[in-house]
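Chemist: sequence isn't available, so here's the structure alone:
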């Protein structure tokens, strides 16, 4: 059973059509890579899944629950959207860590705010706080940041910041974790350390959607690849199908440019 | 010189009373204008266009005219035009009118500083909060606010130091603040007349007070240096 089903998503900004009839599905535990040149709509697609943009038409379903349906106005409501967002996590290209909090606090903040909405929060305050701290520390250790928990973002390298951001997204246990060009702001050395933890996540069967320009990574780690061009999904399949036996001339053209470099 | 020393206790006593009124106006203005400025800032950033335009026009009028005119109009207008002196008589009425004028005027200046501060926080911060399931008010209070405060401390310090000296404008409606108290000895009061030196003393009060504020605000700025 597919964990995520996306059907006929279209999105325009003013008169520019950015997404044209996007449909795909994703199985639980799979890692999906979305590749394509800049401006092909990859980022907008991720932003639609995270409800940062509202599609003009189409449906989004997670675990058979309809999260978005352009024909159903009820799915636009703010309070609803907030809950639905939690099915997805998003790691940004520019990290967007909260600068006034330490690495540990960054990971804990959202989870603590959500815990406060639980009816039994007042009685269990201390225990809940402790649970969240233990979880956050565990995640940061997993990201190789055991000795960086008390540091503020400006004291961390870009690669460390991005790993904190990944831990922050994981803390809410999203069904699907999205990455929007997570290494594009990093130099090659730092890129490696971020890709390494992402690879580990894939090996642990974390369901992921990764928008990336790292072709080798997309080919080696993803179980499924989508090639987007000019707002369309031009080709999709296993890495082998897309990278080695692409049907479309445009895909081969795009890949050859990357593979040479 | 001997005469001056003789008059000194009377003058100091009188200036102290005046300065207390200055301080009162200063703190009441801050207490009112700091939160009201935030309300105005949200008004001018409102997605509801008419409210946005209305707020911008009000801010334009308040910032575009002298505070002294605003003081005169707010104090005298109700009494002269409607025959209803809403502020009540005496010093307490003048203080009330002065407070309203100052709070409103300073709130408008503060609102523009706040707006700049809020808009200078990258959109990514709000988006990160949203995807983490935070509500807009949680994002404002837990994420944006402190980053905004950090950015507005220098321009706010500037305004606050200006406010210290602007309180003297309340002299125009005869509020008995420190300038009024000092000036009294030029005209003649408590047996002292034609004395200009008390005016120099008032300046010392302002200098010391703004000096203290500069140090305190500088400390606040340092305190927020822990993040970038």
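Modeler: Yep, it's here. Computed from a predicted structure; not experimentally measured.

Chemist: okay, now residue A:40: neighbour count?
Modeler: Using other Cβ atoms under 10 Å in any protein chain shown, residue A:40 is surrounded by 23 other residues. Any C-beta I mention is one placed from the backbone N, CA and C, and that applies to glycine too.

Chemist: I misspoke; the intended subject was residue A:105.
Modeler: Other residues close to residue A:105 by other Cβ under 10 Å number 17.

Chemist: same question for the one 4 residues further on.
Modeler: Residues near residue A:109, counting by other Cβ under 10 Å, number 22.

Chemist: again, but for residue A:5
Modeler: 17.

Chemist: pretty sure it contacts residue A:27?
Modeler: No. Between residue A:5 and residue A:27 there is no contact under Cβ atoms under 8 Å: 10.6 Å.

Chemist: which residues in the chain form helices?
Modeler: Defaulting to chain A. A:42-49, A:78-85, A:103-115, A:121-142, A:158-170, A:188-203, A:215-221, A:239, A:249-260 (DSSP state H).

Chemist: that was the other one, I meant chain B.
Modeler: Going by DSSP H, chain B shows helices at B:2-44, B:49-64, B:67-82, B:90-119, B:123-131, B:136-138, B:145-166, B:178-187, B:197-223.

Chemist: quick one, the second one and helix B:67-82 angle?
Modeler: Using axes from the mean of the first three to the mean of the last three Cα atoms, to 10 degrees, the inter-axis angle of helix B:49-64 relative to helix B:67-82 is 110 degrees.

Chemist: ok, now which ones touch residue B:125?
Modeler: A:96, A:98, B:139, B:143-144, B:147 (Cβ atoms under 8 Å, 6 or more residues apart in numbering or on different chains).

Chemist: if we only consider these, which is nearest to residue A:58?
Modeler: Distance to residue A:58 across the contacts of residue B:125 (Cβ to Cβ) is lowest for residue A:96, with 26.4 Å.

Chemist: what distance do you get for that closest one to chain B?
Modeler: As judged by Cβ to the nearest Cβ, to the nearest Å, residue A:96 and chain B stand 4 Å apart.

Chemist: next: residue A:212.
Modeler: Computed as Cβ to the nearest Cβ, the residue A:212 to chain B distance reads 18 Å.

Chemist: what of residue A:220?
Modeler: Using Cβ to the nearest Cβ, residue A:220 is found at 27 Å from chain B.

Chemist: run a quick neighbour tally on that residue.
Modeler: Residue A:220: 13 neighbours (other Cβ under 10 Å).

Chemist: what sits closest to residue A:86 if chain neighbours are left out?
Modeler: residue B:133 (4.8 Å; Cβ to Cβ, 6 or more residues apart in numbering or on different chains).

Chemist: need the residues of the stretch 1-150 of chain A near chain B, please.
Modeler: Contacts of the stretch 1-150 of chain A with chain B, taken as Cβ under 8 Å from any Cβ of the partner chain, map to A:50-52, A:82-83, A:85-86, A:88-90, A:92, A:94, A:96-100, A:109-110, A:113-114.

Chemist: was I right about residue B:113 contacting residue B:152?
Modeler: Yes. Using Cβ under 8 Å, residue B:113 is in contact with residue B:152, at 5.2 Å.

Chemist: for the residue nearest to residue A:86, give me phi and psi.
Modeler: The phi and psi values for residue B:133, taken as degrees, to the nearest 10, are phi 80, psi 20.

Chemist: now do it against residue B:8, distance only.
Modeler: With the distance defined as Cβ to Cβ, to the nearest Å, residue B:133 ends up 66 Å from residue B:8.

Chemist: which residues touch the nearest residue to residue A:9 once chain neighbours are set aside?
Modeler: Using Cβ to Cβ, 6+ apart and skipping residues adjacent in sequence, the residue nearest residue A:9 is residue A:58, 3.6 Å away. Listed by Cβ under 8 Å, 6+ apart, the contact set of residue A:58 reads A:6-10, A:22, A:68, A:70.
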